[in-house]
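Peer 1: got a predicted model here, sequence first, then my questions.
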Amino acid sequence: MTVKTRFAPSPTGFLHIGGVRTALFSWLYARHHGGQFVLRIEDTDRERSTQEAVDVILEGLDWLKLDHDEGPYYQTRRFDRYAELADSLLRTGKAYHCYCTREELEARRAAQLARGENPRYDGRCRDRTTPVPGVQPVLRFRTPDEGVTVVEDLVRGAVEFQNAELDDLIMVRSDGSPTFHFGVVVDDGDMGITHVIRGDDHLNNTPRQMHMIQALGYPVPAYGHLPMILGSDGAKLSKRHGAVNILDYRDEGFLPDAVLNYLVRLGWSHGDQEVFSREDMIRLFDIGAVNASASRFDSEKLQWLNQQHLKSSAPESIAAPFLRQLERAGLDPALGPAPAAVIEAYRERATTLRDLAESAAYLYGEPRTVDEAAVRKHLTSAIAAPLALLVARLGALDGWTRGEIHAALAAVAAESGIGFGKLGQPVRVAVTGGTVSPPIDVTLELLGREKVLERLGRAVSLTGSGAVA
RNA sequence: GCUCCCUUCGUCUAGGGGUUAGGACGCGGCCCUCUCAAGGCUGAAACACGAGUUCAAUUCUCGUAGGGAGCGCCA
């Protein structure tokens, strides 16, 4: 049997980290087993579904390269099929019309709750043979009322439910539209889904879905319920911690593989390994090794992983998103060095591509900020002469490689009777406006001779003029 | 309230009847060093609680506590 999994989000809010984790595990399971991955949009709630949310799902999965083999299917385009199967269940007596009104249902629920009972439909329309005039009925599924249903969960093992605890749920609303539960089982059946991997908020719904899918004559798929991801404070994920639009991570300069790597380690591990490539994940992933307990979102570890992936990526492979970050930062890439060279020099000192672009801003134009305290400390009159000498030496260099630049710096330092660092730091401040940058020879090489000589020249006049003591 | 699920350092986790309870993020220290990083070494830091089983329980069983989910003509 070839494995077929699916990701079935409802487009009622932005795709966030929790949804992506569900998609990832489902996708990994399919890829690991050489199976198929289906994308299905569960948009039966027309009130709350938005095209914008659909677009984020599509764009987010595309960014993360969680590619699907089938779909996207849209449930709103399959209403005829749901009606057809609902009808056959009605004809075979596996489903029945219920004429209870919302108000009646609500009143009974409240009464049951008050008595300390599990609020559930009492089945009073099960044997009704005559319609109630003026009431559009809903269609309910006739759930077995005795016996035990066992969910052999891929993550938790066997979970038992007493059928007597389960009530007859609504399959078709009074307006004729299918409910979530019915849509899911019809679709999973029609699409030949073999493994349903989803959030554990669905675990309690699973036995009833199993009954329906059996009634429909489909084989029951295997289920795997993933623990949820909590916010850093242990509360439900919200806007405050990680429940932001997944595309925000892209915009903040995270790498898709790093996001996936972070997510795969939430609830799953492989020995002591922390950094996983996409190929590693596919090869090693094992749903049976997934933890049953919820985990918290830790943005610091995500940042660390992002840097790990930044360091191991081929610079050219991340040049395009880096360029976008430069543009986002208002910088013109044409005015600076080749992106790969900047990435190479900076990726050990940046956690995201956005950081990287921002700290490299001085390469594309004048420094955006000048650390005045550093200027006072390093650009003193004592350094005027060595800087002037350096300008002369750098100007006379044949080439412009870090090796030649380093040699010139070392020579000037030696001739001026000062340590390399005593020269390097003032140079750094003069050309970058701050005290932090890659090794000074690399920094100058990246900046280019023209900008270096210009900025050093200005520093010479500043320090030599006595403007700074 | 009822049903179901969960519980190892602050966080992510490994382990599993006898271990100095391992790794990673973060935090501290040292080394390296032209700055910042990166890297190396290193330190502090955990088996929720109570019974039971057993020669032995963090590990198995049962409770308790705490947390979560479901109980909609939402998904």
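Peer 2: Looks like it came in fine. Numbers count the residues shown, from 1 in each chain, chains lettered A, B, ... in the order given.

Peer 1: are the worst-scoring helix or strand of chain A on mean pLDDT and RNA strand B in contact anywhere?
Peer 2: Least confident helix or strand of chain A, by mean pLDDT, DSSP states H and E, is helix A:102-114 with a mean of 85. Yes: Helix A:102-114 reaches RNA strand B (Cβ under 7 Å from any atom of the strand) through A:R102, A:L105, A:R109, A:L113. To be clear about C-beta, it is placed using only N, CA and C from the backbone, and glycine gets the same treatment.

Peer 1: from the residues you listed, which would you call buried?
Peer 2: A:L105 (16 or more other Cβ atoms under 10 Å).

Peer 1: burial count for A:I197?
Peer 2: 27 (other Cβ atoms under 10 Å).

Peer 1: residues contacting it?
Peer 2: Counting by Cβ atoms under 8 Å, 6 or more residues apart in numbering, A:I197 makes contact with A:T5, A:T22, A:F25, A:S26, A:Y29, A:L154, A:Y223, A:G224, A:L226, A:I287.

Peer 1: do the same with A:T22
Peer 2: A:F7, A:I197, A:R198, A:G199, A:L226.

Peer 1: what segments of chain A are strands?
Peer 2: A:4-7, A:36-41, A:70-74, A:95-98, A:138-141, A:148-153, A:157-162, A:170-172, A:195-199, A:222-226, A:229-230, A:295-296 (DSSP state E).

Peer 1: just the ones you listed: most buried one?
Peer 2: strand A:4-7 (a mean of 26; mean count of other Cβ atoms under 10 Å).

Peer 1: please save the CA atoms from that one in CSV.
Peer 2: The C-alpha trace of strand A:4-7 is given here as CSV (Å, rounded to 0.1, in the frame of the first residue of the first chain):
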residue,chain,number,x,y,z
LYS,A,4,-0.9,9.0,1.1
THR,A,5,-1.1,11.8,3.6
ARG,A,6,-2.8,15.2,3.5
PHE,A,7,-2.7,18.7,5.0
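
Peer 1: partner strands of it and their direction?
Peer 2: Paired neighbours of strand A:4-7 in the sheet (DSSP bridges): strand A:36-41 (parallel).

Peer 1: centre of the chain versus the partner strand, how much separation?
Peer 2: Strand A:36-41 sits 18 Å away from the centroid of its parent chain (Cα atoms, centre = their mean, to the nearest Å).

Peer 1: name the residues of the stretch 251-400 of chain A found near RNA strand B, please.
Peer 2: A:265-269, A:271-272, A:274, A:289, A:291-296, A:298, A:300-301, A:303-304, A:307-308, A:311, A:348-349.

Peer 1: buried only: go through these for me.
Peer 2: A:R265, A:L266, A:G267, A:W268, A:Q303, A:Q307, A:Q308.

Peer 1: widest-spaced pair of those residues?
Peer 2: Between any two of those, the greatest separation by Cβ to Cβ is 22.6 Å, found for A:G267 and A:Q307.

Peer 1: give me the pLDDT value at the residue nearest to A:G18 when sequence neighbours are not counted.
Peer 2: Nearest non-adjacent residue to A:G18, counting by Cβ to Cβ, 6 or more residues apart in numbering: A:I229, 4.9 Å away. You'll see A:I229 listed with a pLDDT of 91.

Peer 1: next one: the one 10 residues further on
Peer 2: Looking at A:K239, its pLDDT reads 58.

Peer 1: got it, and A:V244?
Peer 2: 83.

Peer 1: what about it, how many neighbours?
Peer 2: 16.

Peer 1: contact partners for it?
Peer 2: So A:V244 contacts A:F14, A:H16, A:I17 (Cβ under 8 Å, 6+ apart).

Peer 1: which among the residues you listed gets closest to RNA strand B?
Peer 2: Of all the contacts of A:V244, A:I17 has the smallest distance to RNA strand B: 12.7 Å, by Cβ to the nearest atom of the strand.

Peer 1: neighbours of that closest one, how many?
Peer 2: A:I17, neighbours per other Cβ under 10 Å, totals 21.

Peer 1: correct me, but it touches A:L237?
Peer 2: Yes: judged on Cβ atoms under 8 Å, A:I17 makes contact with A:L237 at a distance of 7.0 Å.

Peer 1: and for A:L389, the neighbour number?
Peer 2: A:L389, neighbours per other Cβ under 10 Å, totals 18.

Peer 1: name the nearest residue to it, ignoring sequence neighbours.
Peer 2: A:V412 (5.1 Å).
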